[in-house]
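Peer 1: sharing a sequence plus its predicted fold:
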Protein chains: 2
Amino acid sequence: MPKEGITPRATDYSQWYLDIVQQADMADYAEIVRGCIVFKATGYAVWEAMQRGLDERIKATGHSNVYFPLLIPKSLLMREAEHVEGFAPEVAEVTRAAGEELPEPYVIRPTSETIIGYFYSKWVRSWRDLPVLYNQWANVMRWEMRTRPFLRTAEFLWQEGHTVHATEAEAEAEALKVLHEVYADFVEQEMALPVVRGLKTPKETFAGALRSYALEAMMQDGRALQTATSHNLGQNFARAFDITYTDRNNTIQTAWTTSWGISTRLIGAMIMAHSDDEGLVVPPRLAPTQVVVVPIYRSDEERSMVLQAIDQLTADWKGTLRFKVDDRDHVQPGFKFNEWELKGIPVRVELGPRDVQQGTVAVARRDLPGKAGKAFVPQAGLREHVQGLLEDIHQALYDRALRFRDERTVTVTSYAELAEAVETGFARCYWAGDTADEVKIQQELKATTRVIPFDQPDTAGRCIVTGKETTQQVIFARAY
Amino acid sequence: MPKEGITPRATDYSQWYLDIVQQADMADYAEIVRGCIVFKATGYAVWEAMQRGLDERIKATGHSNVYFPLLIPKSLLMREAEHVEGFAPEVAEVTRAAGEELPEPYVIRPTSETIIGYFYSKWVRSWRDLPVLYNQWANVMRWEMRTRPFLRTAEFLWQEGHTVHATEAEAEAEALKVLHEVYADFVEQEMALPVVRGLKTPKETFAGALRSYALEAMMQDGRALQTATSHNLGQNFARAFDITYTDRNNTIQTAWTTSWGISTRLIGAMIMAHSDDEGLVVPPRLAPTQVVVVPIYRSDEERSMVLQAIDQLTADWKGTLRFKVDDRDHVQPGFKFNEWELKGIPVRVELGPRDVQQGTVAVARRDLPGKAGKAFVPQAGLREHVQGLLEDIHQALYDRALRFRDERTVTVTSYAELAEAVETGFARCYWAGDTADEVKIQQELKATTRVIPFDQPDTAGRCIVTGKETTQQVIFARAY
């Protein structure tokens, strides 16, 4: 049963998303700051959980965190030609400070390759200094025309990794390692969201990169959302910023660099992939609160009996389950159920006076709303039961998203089929076209190449636009 | 024995500080971004440890994290009269974006009372919405004229808490709770740094606050460093931003707000309070790496024997000690000792072939450089020994800093004594003067009132400038 204040997905998917953001209290529009949002407590707690999961993996793969300035001298941004083209049109500029015009404007970082390149040039001297493996958590700003909470905002939060290597092979290995071991592992294992991994076509490559890799996930309207990117920057930035090192033979060499990032867009991806017409659905491994316990009572006497039972029941949960007991007095249980459904808490436990006597509790799964997800179980062994349930929910969400994506991924062999397939999902096809062909398709079908998946066929086929024989397949989709 | 590259404290304390920052690889000057620094890996890791300790306490006292926009419409900053005066002269302004002049400039937040006040006005409706207990971790910018790594930089990192309450008493209790339970507890228990807690005089009160509380710590040159502030903002911001609520009697009331912050200045405080002429000293509870294990060997055979012994010895350390084994091959042990001393690792363990045979190790304390801090101990029970040592070091650092502060805190009864006392430390005196008197002392002695300490005498005395009888004492000091 759809909830008040939430437009059903089938009616208007786009409005449904905005309703979830608002009803789950994830964000507020910062109408007085163009294109920005306020991350409210529920939304920010999800970002903190994402940061923890990512930061762990970033450190486990050998990186350290650092922090570079927010402001970049405008002239520095202009040093790498393609990078300028990509970012100069959307930067915000600081031209005055302390009441005076600045001699040269600064831009607020849209990404930090340039300012970091400047410092790496100072820091890297010898092969002994390599690899440089740094990451920073930061806010960045891109003055986008059309914004949408979490998915596209003028200011957003992210991490950006920036590394320097002695050889092309090492830079390539780094870009792929981060894609697989940091990003894909996090998105699949903690967000329960299956991803397609692959290489970007030249048209979709990051401004200034040699090769860009990405993860693409399918949202519930069949559109793609790029959840992470990792770039082998080749020697483009190293040349522009003079990042060189003396090798073991005492010869000066130009270094190879990478950069990679994942942002608060992920919150949007989580909402759009898993949530339903009842509200937000937060995957259990990520959930800041995994279990909410709601006491049911009609009198003060019942209240103290039930709350005491809950105390005993949850006594050994600390450190093993992230839970809260909703003992608010001024609202009814029904109001509480509704609120925690809206906010996507994976498991709800209800306990009333009869449960106390019978040694049972009611347990409801958020991913299966209504009767389908509700069961009465014994109080004995409840913690283990809930832990098992959380793992089941993770797997169920992952499987559901994977099944959905597979059902809506079609291999197409004609332009007409391509046009039809991108209406509902991913179209996979042989591709030997160029950027001009991609631009044409984008104009005609509003679809872009998402990735050249790593998983490629063994046999050749004919390109869907040029007719040339090729072994390369790409995925087309409409994208966020 | 002072180290190369480090000016002794006695020679030039100010240069010593800059040398430590550089030699311990904490930060780099961002000479191309005025007044900014790069937080290098060693420096940022300390900040991450501080964030963890503070964030835990912020959450344990009932607050949630949120995130508000970086940019504030300039007109919004101007709404609270005293706040404007305090901050308008030092803001950086964004006047262009995406290639066009903006209709109204934005300022980069120097602090967020104004933008947060705007949203709190929207969010707070009824007494049921109170208290609002939010915090954000963010970067802020103040275009200061004179900067100094960590202590005063144009951009810095901090947390800022912003709360709303129904009554003055609740706002007052919040400001004090944060001062004691979050800030003082963290600074004393994790940074091993004793603080004086107290109220600021009107002259030193935050721009727009009713009352400001602060923690003041003494650095090794006897100067004060304000490590944290917590403000009862009264109804000033609530009135300027129209933060009102309907009370239980259905009457509209103006709310009371607080704000409180602690910043990357703390890194500077840590360096200046504990470090010595050998390099950085990081207090053990805070230290990202608490123990470094250095293998000693002359041959490949010895190397594998020693490293194997270290593996066995540290097998059960994970999760209980933060340690690293420095098994680099291309540098000598002496080089490693020097590096980890410079970087302030609290405990160093050395293990050579003879130790393997004898079942011993050498253990060196960073807080007692040279022979005084080195001992040979049995391998059996090493983990417990090191854990005990870390606690001893914490206590020794705290005690040393407290003794130093006590020795340099003088109760003075004449202006001549005051002038002398602030040359070397804190001067405590009776005080009934006003802002003009404070300004005069600042001009003459370069000293300011730090706090009116909570700990006050039972008897009255005569004010050091006005001669009036008063029961109030203040602390004067030169401050960072």
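Peer 2: Cool, the structure landed. Numbering: from 1, shown residues only, chains lettered A, B, ... in the order given.

Peer 1: what about the nearest residue to A:A30 once chain neighbours are set aside, neighbour count?
Peer 2: Setting aside the residues directly before and after it, A:A30 is nearest to A:C36 in space (Cβ to Cβ, 6 or more residues apart in numbering or on different chains), at 4.1 Å. Any C-beta I mention is one placed from the backbone N, CA and C, and that applies to glycine too. When neighbours are defined as other Cβ atoms under 10 Å in any protein chain shown, A:C36 has 22 of them.

Peer 1: okay, and the nearest residue to A:A209 once chain neighbours are set aside sits in which element?
Peer 2: Taking Cβ to Cβ, 6+ apart as the measure, A:A209 lies nearest to A:H231, with 4.0 Å between them; neighbours along the chain are not counted. Take DSSP states H and E as the rule and A:H231 turns out to sit in strand A:224-232.

Peer 1: go through the helix or strand following that strand and flag the buried ones.
Peer 2: Beyond strand A:224-232 in the direction of the C-terminus, DSSP H and E gives the next helix or strand as helix A:236-241. By neighbour count on 16 or more other Cβ atoms under 10 Å in any protein chain shown, the buried set for helix A:236-241 is A:236-238, A:240-241.

Peer 1: repeat for stretch A:366-376
Peer 2: Going through stretch A:366-376 with 16+ other Cβ under 10 Å, the ones that come out buried are A:366-367, A:369, A:373.

Peer 1: hmm, back to that, gap between the strand holding A:H231 and the chain center?
Peer 2: Taking Cα atoms, centre = their mean, to the nearest Å, one finds the center of strand A:224-232 at 9 Å from the center of the full chain.

Peer 1: now that strand: average pLDDT?
Peer 2: For strand A:224-232, the mean per-residue pLDDT is 98.

Peer 1: elements contacting that strand?
Peer 2: Helices and strands touching strand A:224-232, by 3 or more Cβ pairs under 8 Å, 6 or more residues apart in numbering or on different chains; DSSP states H and E, are helix A:168-177, strand A:211-218, strand A:256-263, helix A:265-274.

Peer 1: make it 6 Å
Peer 2: helix A:168-177, strand A:211-218, strand A:256-263 (3 or more Cβ pairs under 6 Å, 6 or more residues apart in numbering or on different chains; DSSP states H and E).

Peer 1: deepest-packed of these, please.
Peer 2: When you average the neighbours per residue for each of the helices and strands packed on strand A:224-232 (mean count of other Cβ atoms under 10 Å in any protein chain shown), strand A:256-263 leads with a mean of 26.

Peer 1: sorry, back to before: and of the buried residues of stretch A:366-376, the nearest to chain B?
Peer 2: When the buried residues of stretch A:366-376 are compared for distance to chain B (Cβ to the nearest Cβ), A:R366 comes out closest, at 20.8 Å.

Peer 1: so which residue is dead centre in chain A?
Peer 2: The residue at the geometric middle of chain A, judged as the C-alpha nearest the mean C-alpha position with Cα atoms, centre = their mean, is A:L266 (2.1 Å).

Peer 1: quick one: residues contacting that residue.
Peer 2: Residues touching A:L266, when contacts are defined by Cβ atoms under 6 Å, 6 or more residues apart in numbering or on different chains, comprise A:M50.

Peer 1: now A:F87
Peer 2: Contact partners of A:F87, counting by Cβ under 6 Å, 6+ apart, are A:P110.

Peer 1: flag every residue of chain A that's near chain B.
Peer 2: By the criterion of Cβ under 6 Å from any Cβ of the partner chain, the positions of chain A lying close to chain B are A:30, A:32-33, A:36, A:38-41, A:44, A:64-71, A:73, A:90, A:92-98, A:119, A:139, A:143, A:155.

Peer 1: filter those down to the buried ones, ChimeraX style.
Peer 2: To isolate the buried members of these in ChimeraX, using 16+ other Cβ under 10 Å:
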select /A:30,32,33,36,38,39,40,41,44,64,65,66,67,68,69,70,71,73,90,92,93,94,95,96,97,98,119,139,143,155
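
Peer 1: narrow the residues of chain A next to chain B to those in strands?
Peer 2: Secondary structure assignment by DSSP state E places A:38-39, A:64-65, A:71, A:73, A:92-97, A:139, A:155 of the residues of chain A next to chain B in strands.

Peer 1: nearest residue to A:P369 in space, please, no chain neighbours.
Peer 2: Excluding its sequence neighbours, the residue lying closest to A:P369 (Cβ to Cβ, 6+ apart) is A:E278, at 4.8 Å.

Peer 1: what do you get for A:T246?
Peer 2: In space, and not counting its chain neighbours, A:T246 is closest to A:S126: 4.9 Å by Cβ to Cβ, 6+ apart.

Peer 1: next one: A:C463
Peer 2: Closest residue to A:C463 apart from its sequence neighbours, by Cβ to Cβ, 6+ apart: A:A432 at 3.8 Å.

Peer 1: can you give me the offset of the helix or strand of chain A with the lowest mean pLDDT from its chain's centre?
Peer 2: In chain A, no helix or strand scores lower on mean pLDDT, DSSP states H and E than helix A:81-87, which sits at a mean of 82. Helix A:81-87 has its C-alpha centroid displaced from the chain centroid by 24 Å (Cα atoms, centre = their mean).

Peer 1: same question for stretch A:425-432.
Peer 2: Centroid separation between stretch A:425-432 and its chain, computed with Cα atoms, centre = their mean, is 24 Å.

Peer 1: ok, and what's touching that stretch?
Peer 2: Counting by Cβ under 6 Å, 6+ apart, stretch A:425-432 makes contact with A:222, A:408-412, A:418, A:421, A:461-464, A:466, A:468, A:470, A:472-477, all of which sit outside it.

Peer 1: of those, keep whichever come out buried.
Peer 2: With neighbours counted using 16+ other Cβ under 10 Å, those contain these buried positions: A:222, A:408-410, A:412, A:418, A:421, A:461, A:463-464, A:470, A:472-477.

Peer 1: in strands, which of these appear?
Peer 2: A:409-410, A:461, A:470, A:473-477.
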